[in-house]
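Participant: Please work out how this folds:
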Amino acid sequence: STRWLQGGRRPLLLLLLHLRRSSSTRAGAKSRGSAGPVAPWNCKKTRNIGIVAHVDAGKTTTTERMLVLSGAIRTSGNVDDGTTQTDFLAEERERGITIQSAAITFGWKDFQVNLIDTPGHADFTLEVERALRVLDGAVAVFDGVKGVQAQTMTVWRQAAKYGVPCIGFVNKMDRDGASVTNTMLSIREKLHTTPLPVQLPLGCGTDFAGAVDVLDAHKMTWDATGTMQVEPVARDSPLWPELESTRAQLFESLADLDDSFAEHFLESNGKPDLTAAKQALRRVTLACMGMPILCGAARRDKGVEPLLDAVIDYLPSPLDRASVAVTLEKKQGDVLLPPSDSGPFCALAFKISFDSHRGPLVFFRVYSGKISVRDTFFNSTRGCKERASKLLRVLADTHIETEEFRAGDIGIMVGLKHTVTGDTLVGSHTKIKGARLKGIDIPQSVFTTSIECNSAADEESFLHALNCIVMEDPSVRVQEHPETGQRLLSGMGELHLDIVQSRLERTYKVKCNRGPVQVSYRERPCADVTMSHTLENRLLAKDTGPVSLTIELRVKENSHKNGTCDLDSAEAAISAAFEQQGTLEDSKLDILAAACVDGVEAALGRGALLGHPVMDCEVFVAAVSVPMGVSPEQVLACAADCTRKALRASGCELLQPVMRADIRVAEEHVGAIVADSSQRQGNVIGISLTDEGRIVMAEMPLKTMVGYSAALRSLTSGSGEFSLEFSRYAAVPPNDIEAIRSGAV
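Facilitator: Numbering: from 1, shown residues only. Next up is the predicted model:
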């Protein structure tokens, strides 16, 4: 028994020693950044933020340093080594880029921060779109050497679309050529907003030591261990003249943007109270009229603590955001819901992720009310009840169970069976049961390839895997070719399709083959058309008369959306058709109207020219004649036939995706790049000068950009870089249509 006791003591002592070390490690982390665990729920002390930027600007590294300083993790991972918390997919760690957005919750100075780290690559722009849809604020990370880049402008437009306030962090100040001044110039020129410098860098490149707080006149430096030292800047310091000049410029900018501060500025003879200045800076930021600018080098543990303080000081809580508008059913208008726990439960599902053990994990944002474990609620988008078996708080790929979420919070539900991205979730017993929040815009896929599994025995697993991926990422589309029966996979780019195939094989263990990449074309009607069609019932049903339909096909140029059918017009036309035949039940009306819409939109899936999806148009149902006892299948078939006739009568033009390319090259290669762009039917829209060379900005048809990486390496001896983002759909030159028809292009 003595031997047994001696053998049992050692593990126990080791455990106690481990706990003691863990406690001291957490205490050390806490003292570094005045951070702590997640605070008790307080809506006013909550920040829902995203980290957004161009690829390789340092978003994930910045996030990783935030987690260390907050005590959420003990040691900082490295993107190059594939050891970061938020890049947990095998594909992310291999390629060193963020592929899907990752959510994480941590505490900072008694505040709860719900952070989403988003991808910077254009192929994964949907991840940024749906994150910004539910966030209250964002940190825009800029490469201190390259300034504003192509994807930076895209995410800025997305943030502006949802009215999301931003603060800017000029990263990589330890790199040669880094400049806060040049970055702010590019912000002003390309993002068309006012940069508001709240820090001055202490040196740059290898001499970068820290920053000076412009308002508080404090110098912040970091030693080799990443510990921050703060000391006041004396008036006789060499730093004082530049600090005073920058502060004066900041005050003038705030006075131009904020009327209240302008009055205070004048009354104080240009020497305003610093508290008033900070309050004005917060108001200007929340109004999206300016962007506070900070600087640092996240990889060197410099500048992240002040960035976290700025998140607390200048970005909004859920209470600072406008009340969310929900659209009521049956055309009852909109209702504004403030972020209150006592209000009716209302949330938006903004992301789906599949877990091998738990099934679909539904990421959601609560806008009003609260939700508890095992509560039953209503999915107003799908028209069905749902029930959450578990509620989880997020730590990247790790989850912590919790009992409830309240207004303004972000979390995960487990156990939902029907909910997908963009669905509205409301309380089952509230007056807003049928209400819907504004959904999430899904971008157009521009690349298509055929895909098939290697073994017929894996077909069922293959289809399940594809279904899971499409639910996770709605910008991925899977369909069958109507003539060949081939399964087609569509996505946002070549990298996007590569990642889908990799996940099929790694995550779902299904081997598959892909065909060559093809461009996703679209068609657009050439003119407005009114068309009528009558469908006889001989082959469809018994004892009913014919179904007649009149539609109006209207062209909506540059809507950049797939063709749709107006549901309200379908409901009105079907309701009018039954007025003389007696009362039509609301449920029957909804079914027939939905069938009419489905028929129209099914026909719009294949244009009259080459069979590509139709866009830039809308169909209105002008009149319907239906017999009693009509089936939804009859209405659907008639609507589809009528729409096909309208498309043939209108005629369709072929559209191709056009991409915006930013090509970074040395001065001596500019001529070759411009000439190559012309050969690719491109249009050079500008050439800008940088410290490293030139940026050639061009628009080129996507079909000419397939395999461009190899061509650029050849033209620039391997030194050129480029980024692509979707710009618009444009008409295909008539001479190219036959080549596309034959499959030569």
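
Participant: Listing partners with orientation, what would you give for the top strand by length along the chain?
Facilitator: Ranked by residue count, the top strand of the chain under DSSP state E comes out as strand 652-665. Strand 652-665 has the following sheet partners, assigned by DSSP bridges: strand 522-525 (antiparallel), strand 693-701 (antiparallel), strand 721-731 (antiparallel).

Participant: Mind checking the pLDDT average for stretch 440-458?
Facilitator: Across stretch 440-458, pLDDT averages out at 85.

Participant: Just the CA atoms from that stretch would do, formatted as CSV, please.
Facilitator: C-alpha atoms of stretch 440-458 as CSV (Å, rounded to 0.1, in the frame of the first residue of the first chain):
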residue,chain,number,x,y,z
ILE,A,440,-27.5,38.2,-46.7
ASP,A,441,-26.6,38.9,-50.4
ILE,A,442,-24.9,35.9,-52.0
PRO,A,443,-22.3,36.9,-54.7
GLN,A,444,-22.5,35.5,-58.2
SER,A,445,-20.3,32.5,-58.9
VAL,A,446,-18.0,33.1,-61.8
PHE,A,447,-16.0,29.9,-62.3
THR,A,448,-17.6,26.5,-63.2
THR,A,449,-16.1,23.0,-63.5
SER,A,450,-17.4,19.5,-63.8
ILE,A,451,-16.9,17.2,-60.8
GLU,A,452,-17.5,13.5,-60.1
CYS,A,453,-16.5,11.0,-57.5
ASN,A,454,-14.1,8.3,-58.4
SER,A,455,-16.2,5.4,-57.1
ALA,A,456,-19.9,4.7,-57.7
ALA,A,457,-19.9,3.2,-54.1
ASP,A,458,-19.1,6.6,-52.7
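
Participant: pLDDT at S24, what is it?
Facilitator: Here the pLDDT value assigned to S24 is 37.

Participant: What ranges does the stretch 451-600 of the chain have for its strands?
Facilitator: 477-480, 487-491, 512-514, 518-519, 522-525, 529-535, 547-555, 564-565 (DSSP state E, counting those that start in this stretch).

Participant: Let me know the secondary structure of T225.
Facilitator: The three-state label given to T225 by DSSP: H, G, I helix; E, B strand; the rest coil is coil.

Participant: neighbours around it, how many?
Facilitator: 7 (other Cβ atoms under 10 Å). The way it works is simple: take the backbone N, C-alpha and C, and place the C-beta from them, glycine included.

Participant: May I have the distance across stretch 373-385, first residue to last?
Facilitator: 15 Å (Cα to Cα, to the nearest Å).

Participant: for that stretch, what is the average pLDDT?
Facilitator: Stretch 373-385 shows a mean pLDDT of 90 in the predicted model.

Participant: List the buried residues in that stretch.
Facilitator: If you call a residue buried by 16 or more other Cβ atoms under 10 Å, then stretch 373-385 has these buried ones: 373, 375, 377-381.

Participant: again, but for stretch 359-366
Facilitator: Quick answer for stretch 359-366 (16+ other Cβ under 10 Å): 360-366.

Participant: got the contact list for that stretch?
Facilitator: By Cβ atoms under 8 Å, 6 or more residues apart in numbering, the residues outside stretch 359-366 that reach it are 48, 103, 134, 345-355, 392, 394, 399, 405-416, 419, 425, 471.

Participant: cutoff 6 Å now
Facilitator: Applying Cβ atoms under 6 Å, 6 or more residues apart in numbering, the set of residues contacting stretch 359-366 from outside is 134, 347-355, 405, 407, 409-410, 412-413, 416, 419.

Participant: Among those residues, which lie within strands?
Facilitator: 347-355, 405, 410, 412-413.

Participant: Just the buried ones from those?
Facilitator: 347-354, 405, 410, 412-413.

Participant: Out of these, flag the one nearest to V324.
Facilitator: Nearest to V324 among these: L348, at 8.6 Å, using Cβ to Cβ.

Participant: The residue nearest to that closest one when sequence neighbours are not counted pairs with what?
Facilitator: Nearest non-adjacent residue to L348, counting by Cβ to Cβ, 6 or more residues apart in numbering: L437, 5.0 Å away. Beta-bridge pairing for L437 (DSSP bridges): V326.

Participant: Might you report the residue contacts of L437?
Facilitator: Per Cβ under 6 Å, 6+ apart, neighbours of L437: 326, 348, 424.

Participant: could you dump the residues you listed to a markdown table with distance to L319 and pLDDT?
Facilitator: Listed next are the contacts of L437 as a markdown table, based on distance: Cβ to Cβ, whole Å; pLDDT from 0 to 100:
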| residue | distance to L319 | pLDDT |
| --- | --- | --- |
| V326 | 18 | 87 |
| L348 | 18 | 94 |
| T424 | 21 | 93 |
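
Participant: Out of the residues you listed, which comes closest to A666?
Facilitator: Closest to A666, out of all of the contacts of L437 and judged by Cβ to Cβ, is L348, at 46.7 Å.

Participant: Could you report the separation of the closest one from R65?
Facilitator: Distance, L348 to R65, using Cβ to Cβ, to the nearest Å: 30 Å.
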